[in-house]
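> kindly return the folded structure for what I paste below:
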Amino acid sequence: MNLTELVDVVSDEIELTKGKVRETLKLALDTIAKEVKKGGRVTIVGFGAFYSTKRRARIGRNPKTGEELAIPSARVPRFRPGKTFKLLVRKAK
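Okay, here's the model as predicted:
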């Protein structure tokens, strides 16, 4: 499912215009991204938590040549699913 399909489903479910739903989803996602960028954490109970961690610097290899490459440290986004979400996915068969 992509953003357009998500907007369609939510719009039909709660009877709001697709424009308002798209605007609301964009605002929610932008707010989560900005908070995580600042080093904060966004927790949605039952769904999960968005946060960032620091990945350490390391040595990698170019798969084509085998040459070693220095990979710098970086902040990376993470998501930890909540209990309700995990159980829902496990029972998805």
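
> can you give me the pLDDT of the spatially most central residue of the chain?
A centroid search over the chain (Cα atoms, centre = their mean) returns F79, at 6.0 Å, as the residue closest to the centre. If you check F79, the pLDDT there is 97.

> for it, which three-state class applies?
At F79, secondary structure determined by DSSP: H, G, I helix; E, B strand; the rest coil is strand.

> F50 is in contact with that one, correct?
Yes. Here F79 reaches F50: they are 5.6 Å apart, a contact under Cβ atoms under 8 Å. Every residue, glycine included, has its C-beta placed from N, CA and C.

> run through the helices of this protein in chain order.
Per DSSP state H, the chain carries helices over the ranges 3-14, 18-37, 83-90.

> may I ask which helix or strand of this protein has the lowest mean pLDDT?
In the chain, no helix or strand scores lower on mean pLDDT, DSSP states H and E than helix 83-90, which sits at a mean of 93.

> still on that earlier bit, the residue nearest to the centre of the chain and V42: what is the separation?
10 Å (Cβ to Cβ, to the nearest Å).

> joint contacts of these two?
The overlap between the contact sets of F79 and V42 (Cβ atoms under 8 Å, 6 or more residues apart in numbering) consists of 49-50.

> on that earlier part again, for the least confident helix or strand of the chain, buried residues please.
Residues of helix 83-90 classed as buried: none (neighbour count, 16 or more other Cβ atoms under 10 Å).

> same deal with stretch 40-48?
Across stretch 40-48, burial judged by 16+ other Cβ under 10 Å covers 42, 48.

> okay, how far is it across that stretch, tip to tip?
14 Å (Cα to Cα, to the nearest Å).

> and the contacts of it?
Here stretch 40-48 makes contact (Cβ under 8 Å, 6+ apart) with 31-32, 35-36, 49-51, 79-85.

> farthest-separated two in the residues you listed?
Greatest spacing in the contacts of stretch 40-48, by Cβ to Cβ: T31 and K83 (23.5 Å).
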